[in-house]
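# take this sequence and fold it.
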Amino acid sequence: ATMTVVHPWGSFVTLRSSTTTDTNKNILARMPHGSQVELLEWGFWYSLIRYNGITGYIVTKYLQSD
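You can find the predicted model right below:
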């Protein structure tokens, strides 16, 4: 499914290699507000997505279905 990245202040959301926000070492990409991503696995806290060919995790609350 295609989803849209939404940030409350119209900023960016980080794509991470693991389900932790405690470090900057696991950041794969920064996705601007409004980016289109492919949802691979929906989760309560974190979801697995693909963005520009990169697979990683996003905090689920920043995803919106199209």
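# count the neighbours of residue 26 for me.
16 (other Cβ atoms under 10 Å). Backbone N, C-alpha and C define where each C-beta goes, glycine included.
# residue 22 versus residue 13, what's the distance?
16 Å (Cβ to Cβ, to the nearest Å).
# among these two, which residue is more densely surrounded?
residue 13 (21 against 7).
# quickly find the element holding that one.
Using DSSP states H and E, residue 13 sits within strand 12-16.
# next helix or strand past that strand?
Following strand 12-16 toward the C-terminus (DSSP H and E): strand 27-32.
# same for that following strand, what does it pack against?
strand 12-16, strand 54-59 (3 or more Cβ pairs under 8 Å, 6 or more residues apart in numbering; DSSP states H and E).
# list the buried residues for stretch 52-62?
56-58, 62 (16 or more other Cβ atoms under 10 Å).
# and the residue nearest the centre of the chain, how far from residue 21?
Nearest to the geometric centre of the chain sits residue 58, at 3.1 Å (Cα atoms, centre = their mean). According to Cβ to Cβ, residue 58 stands 10 Å off from residue 21.
# understood, closing this out.
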